[in-house]
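Undergrad: requesting a structural model of the entry that follows:
(chains A and B)
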Amino acid sequence: MNNVEEKRPLNFIEQKIEDDISSGKRSKDIQLRFPPEPNGYLHIGHAKSICLNFGLAKKYNGKCNLRFDDTNPVKEDIEYVESIKEDIKWLGFNWGDTDFYASDYFDQLYEWAQKIVKKGKAYVDESSADEVAATRGTPTVPGKESPYRNRPIEENLDLLERMKNGEFPDGSKVLRAKIDMASPNMHMRDPVMYRIKHAHHHRTGDKWCIYPMYDFAHGQSDFIEGITHSLCTLEFEVHRPLYDWFLDQIIDEDCKYKVRPEQTEFARLNLNYTMMSKRLLLSLVKDNYVDGWDDPRMPTISGLRRRGYTPESVLAFADKVGVAKRENVIDVGLLEFCVREDLNKVAQRIMGVLDPIKVIIDNYPEGQTEELEAVNNPEDEGMGKRRVPFSKVLYIERDDFMEEPPKKFFRLAPGREVRLRYAYYITCKEDGVVKDKNGNITELHCTYDPETKGGQSADGRKVKATLHWVSEEHAVKAEVRLYDRLFLKEDPYDVEEGKDCMSNLNPDSLTCVTGYIEPFVKTVKKDTKFQFERLGYFCIDKSSSGDKLVINRTVTLRDSWAKISGKNN
RNA sequence: UGUCCGAUGGUGUAAUGGCAGCACUUAUGAUUUUGGUUCAUACAGUCAAGGUUCGAGUCCUUGUCGGACAGCCA
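TA: Sure, this is the predicted structure:
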C-alpha cells in the first residue's frame, strides 16, 4: 500500500480507505467511479475529481468506472459523452473496456421502484409541481402530507405502470418515496423518485417516458457496479441519508448485488477569477462570447488543452490542491505555477518577437547570412540544438530598447552594448535612433563586434543583458493570440450576488498580434510546446493550416522586470 | 427560529493527545548567454472562552463565523 516515492501525507479519503481495509470492513478490491452528467464539457473542477477517483484506484490497485449519469434526457447529448471520454483519456486515465451509463439500469431501477411501492414505501402523487413545492415546507417549517400519500398499494402499482406506459402527460404525476414530511432534512420529505418526461434520450431513445431522479438512480447505480467508495462533493452531504434509505429498501437476501456502497463527500475545487458553473460556461458558448467549449480562455479541460497546458501540469495541480471537506478558493497562480513548472522542463526554446523594432547592423555585410547554433532547452541537453539564421536586418522586442533608460533597465539603449542571444554583442549608436514624424521609433542603427560570435567576447568583457531577436528576412509571420491571465475582471467569489457574470468578462482577455518567429517553428510538430524566451510559453493553435500559423500563449513567464517597472502582463 | 458540514500564515494542505510542517504567494540575496530556471534566506498561522490532561491544533462544553439543504436538475 505504501509506495516509497509517495511523500505526500494521506488525505482523509485515503485514510478512510486504508482504515476500511485494515478493519476488514472492505476487501482490498476497491471500486470507484467518476459519474459526470453528459450535459456539458468537463472543466478543471472535474479534473480534480477525475484525478481523485482514478488516482485512488491506481494507488490501491482497484478500479474506477466511468459512468454517465444520464437520467435527464432534456439536458444531455452524445456530443458531451464523446468530449468527456476524450478529456479523461487526455489526462491519461482509462476506465477499462466498458463505459457505464445510468440509463443502462433503467429496467432494474423500475423494478426496484415497484418493490418499494409494494412495501408501501412509495406512492404516486398527482399534485402539481407547484403544489408539491408549496407543501414541502421550508428548512425550518415541516411539510404537509400529500392527499395521495395513503393510496392503496395496488392502485399505486397500477398508476406507476400506466405512467411508464405513457398514459399521462408530463408533470401530471410523480412517484414519491413515503418517508417523513416533517423531517428536518428536506431531502427526506417524500422525495420524487420518478417524473414523467416524454423526451428522447440519447441512448434509450423513446423507450422511456419516465425518468428516475438523481437520488433514486445514483446510489443504486453504485450498488449495481459494486462501487465501494462513492465520492461526491459537499452539497450532496444532505442527500446521504436518502442515499442510504433507498439502499435499505432494495437490499435483502435475494439481492444479486452484494457490495454496499458508501458515499463520502469532499470539497469541490474553486478557482478565483474563474467561473466554473456549467450553466454559465454553456451560455458563454451559446451566446458566442467565446470560440466554443475549447476556447483557450475557458476553464474546460479541452480549453486548457488547446491553450497548451499539459496533462502532467493538471495532474500536478490536482495533487497540490489536496482534498478536504472545507470550502476553498484556490489562487489561479497555483495552476500557473504547475503549468510553468512542467513546461519549463519540456518546452522547446524558440526566439520570437511579438512587438518588433527594426535593428540594422551597420557594419554587417549587406546580403550576408550565417547560421548560428542555439540550444533547444538549457535544462535538457537531450533536446538538442538548432541553427538560427542571422543577417544585417533584425527585429528585437520593442520593450528591449529604451532611449532614456531608468537606473535598473539593463537592456539596449543608445551607446550601450548588449548580447544578441547565440549571436553577437551589438552596440546601439548614440545617434542610431530613427523615428517617424509622430516620434515613434522605427529603426535602431547598431554595430556588432565580429569577435563575439556565439555570444562570448574574447576579452572577457561582460554585458548586462541578452536579447532575443529574429532575422527580418528569414522570420516566419504568425498570428499570436495573447491570452490575459484573467478571463474575468473580478473574482466571482468576491462579486456581490446577482451580478451579471457576462458583464464581468475581462475586455483584454484576448489580444491578437503579428509575431515574427525564427524559421525553426515551421519544422516543429503541431503539438510542440515552446517558449519564446522572456515572453512566455506558447503552442500552435488547431486553427493553423497551410501557411497560416496561429499561436496561443499558454502562460507568461514570471517577469521580475514587470514588478520593478510596475508594468503588468 | 431547523438539520447537516466546516474553521491551522495572504492561499491551499499536514500534524492520528507529545518540537505547528510542506507547497503556492510575497520580499531579499547568489548563480545565469532568458529580468526565465536553479539555489539560499526571510516574513507569516491553530476562530473565541472555559474545561479534561504532566501535556490540547487535536478530546469535552458553550459561543462566534462560514457553507449546504425549500428542482418533477445533477
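
Undergrad: which ones are touching the residue of the stretch 301-450 of chain A found nearest RNA strand B?
TA: In the stretch 301-450 of chain A, no residue comes nearer to RNA strand B than A:Gly322, which is 2.8 Å away by CB to the nearest atom of the strand. For glycine as for every other residue, the C-beta is placed from the backbone atoms N, C-alpha and C. For A:Gly322, the contacting residues are A:Asn11, by CB atoms under 8 Å, 6 or more residues apart in numbering.

Undergrad: bridging residues for A:Pro425?
TA: Quick fix: residue A:425 reads Tyr, not Pro. Beta-bridge partners of A:Tyr425, counted by DSSP bridges, are A:Arg419.

Undergrad: do you know the pLDDT at it?
TA: On pLDDT, A:Tyr425 comes in at 98.

Undergrad: looks like it contacts A:Cys446 (just checking).
TA: No - look at A:Tyr425 against A:Cys446 with CB atoms under 8 Å: they stay out of range, at 9.9 Å.

Undergrad: more neighbours, those two?
TA: A:Cys446 (26 against 23; other CB atoms under 10 Å).

Undergrad: would it be right to say that that one lies in a helix?
TA: No - going by DSSP: H, G, I helix; E, B strand; the rest coil, the assignment for A:Cys446 is strand, not a helix.

Undergrad: can you tell me the element A:Gln15 falls in?
TA: helix A:12-22 (DSSP states H and E).

Undergrad: then A:Lys563?
TA: Assigned by DSSP H and E, A:Lys563 falls in helix A:560-565.

Undergrad: does that helix come close to RNA strand B?
TA: Yes - Helix A:560-565 is in contact with RNA strand B by CB under 7 Å from any atom of the strand, via A:560-561, A:563-564.

Undergrad: contacting residues for the nearest residue to A:Arg26 once chain neighbours are set aside?
TA: Leaving aside its sequence neighbours, A:Arg26 sits nearest to A:Asp20 (CB to CB, 6 or more residues apart in numbering; 4.1 Å). If you count contacts by CB under 8 Å, 6+ apart, A:Asp20 has them with A:26, A:228-229.

Undergrad: and A:Phe12, by the same measure?
TA: Taking CB under 8 Å, 6+ apart, one finds A:266, A:323-325 in contact with A:Phe12.

Undergrad: do the same with A:Thr228
TA: A:20, A:26, A:29-32, A:62, A:259, A:261-262.

Undergrad: one more: A:Ala324?
TA: Per CB under 8 Å, 6+ apart, neighbours of A:Ala324: A:11-12, A:266-267.

Undergrad: am I right that it is in a strand?
TA: No - per three-state DSSP, A:Ala324 lies outside any strand segment and is coil.

Undergrad: residues near A:Glu225, how many?
TA: With other CB under 10 Å as criterion, A:Glu225 counts 21.

Undergrad: okay, it: pLDDT?
TA: A:Glu225 is given a pLDDT of 98.

Undergrad: quick one: A:Cys428 and A:Leu444 touch, right?
TA: Yes - look at A:Cys428 against A:Leu444 with CB under 8 Å: they come within range, at 5.6 Å.

Undergrad: shared neighbours, these two?
TA: A:401, A:412.

Undergrad: which residue packs closest to A:Ala318, ignoring adjacent ones?
TA: A:Cys51 (3.7 Å).

Undergrad: next secondary structure element downstream of the helix or strand where the one you found lies?
TA: Using DSSP H and E, A:Cys51 sits in helix A:44-59. Following helix A:44-59 in sequence order, the next helix or strand is strand A:63-68 (DSSP H and E).

Undergrad: got the contact list for the residue of chain A at minimum distance from RNA strand B?
TA: At 2.3 Å from RNA strand B, A:Gly455 is the closest residue in chain A, using CB to the nearest atom of the strand. With contact set as CB under 8 Å, 6+ apart, A:Gly455 has these partners: A:419-425, A:466.

Undergrad: what values do phi and psi take at it?
TA: phi 100, psi 10 (degrees, to the nearest 10).

Undergrad: now do it against A:Arg419, distance only.
TA: 5 Å (CB to CB, to the nearest Å).

Undergrad: also A:Gln31?
TA: 60 Å.

Undergrad: what is the burial count for A:Ala279?
TA: For residue A:279 the amino acid is Arg, not Ala. Quick note: A:Arg279 (other CB under 10 Å) scores 10 neighbours.

Undergrad: cool, A:Lys563 as well?
TA: A:Lys563: 10 neighbours (other CB under 10 Å).

Undergrad: likewise for A:Phe538?
TA: A:Phe538 has 31 nearby residues by other CB under 10 Å.

Undergrad: hang on, it in a strand?
TA: Yes - according to three-state DSSP, A:Phe538 belongs to a strand.

Undergrad: quick one, phi/psi of the closest residue to A:Arg240 other than its chain neighbours?
TA: Counting by CB to CB, 6+ apart, A:Gln263 is the residue found nearest to A:Arg240 once chain neighbours are left out, at 5.1 Å. With angles defined as degrees, to the nearest 10, A:Gln263 sits at phi -90, psi 130.

Undergrad: test of understanding: give the bridge partners of A:Gln263.
TA: A:Ser230.

Undergrad: A:Asp215 is in contact with that one, correct?
TA: No - A:Gln263 lies out of contact with A:Asp215 (CB under 8 Å); the separation is 11.2 Å.

Undergrad: now do the shared contacts for those two.
TA: A:239, A:243.

Undergrad: any stretches of the stretch 351-500 of chain A with poor pLDDT?
TA: A:494-499 (pLDDT under 70).

Undergrad: dump the C-alpha coordinates for stretch A:253-267 into CSV.
TA: C-alpha atoms of stretch A:253-267 as CSV (Å, rounded to 0.1, in the frame of the first residue of the first chain):
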residue,chain,number,x,y,z
GLU,A,253,-31.1,-11.6,0.9
ASP,A,254,-32.4,-12.2,-2.6
CYS,A,255,-30.5,-9.3,-4.0
LYS,A,256,-27.9,-10.3,-6.5
TYR,A,257,-25.6,-7.4,-5.8
LYS,A,258,-23.6,-7.8,-2.7
VAL,A,259,-21.3,-4.8,-2.1
ARG,A,260,-23.0,-1.9,-0.4
PRO,A,261,-21.6,1.4,-1.5
GLU,A,262,-20.8,4.3,0.9
GLN,A,263,-20.9,7.9,0.0
THR,A,264,-18.1,10.2,1.1
GLU,A,265,-18.1,13.9,0.4
PHE,A,266,-15.2,16.3,-0.3
ALA,A,267,-15.0,20.0,-1.1
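
Undergrad: what about the helices in chain A?
TA: A:12-22, A:44-59, A:78-91, A:106-118, A:129-135, A:153-164, A:214-225, A:240-250, A:278-286, A:301-307, A:311-321, A:332-346, A:560-565 (DSSP state H).

Undergrad: by contact count, what packs against the second one?
TA: Of the remaining helices and strands, those touching helix A:44-59 by 3 or more CB pairs under 8 Å, 6 or more residues apart in numbering; DSSP states H and E are helix A:12-22, strand A:31-34, strand A:63-68, helix A:78-91, strand A:229-233, helix A:301-307, helix A:311-321.

Undergrad: closest one to A:His46 among the ones you listed?
TA: Of all the helices and strands packed on helix A:44-59, helix A:301-307 sits nearest to A:His46, with 7.1 Å by CB to CB.

Undergrad: for that closest one, packing partners?
TA: Using 3+ CB pairs under 8 Å, 6+ apart: helix A:301-307 touches helix A:44-59, helix A:78-91, strand A:550-555.

Undergrad: great, nothing more from me.
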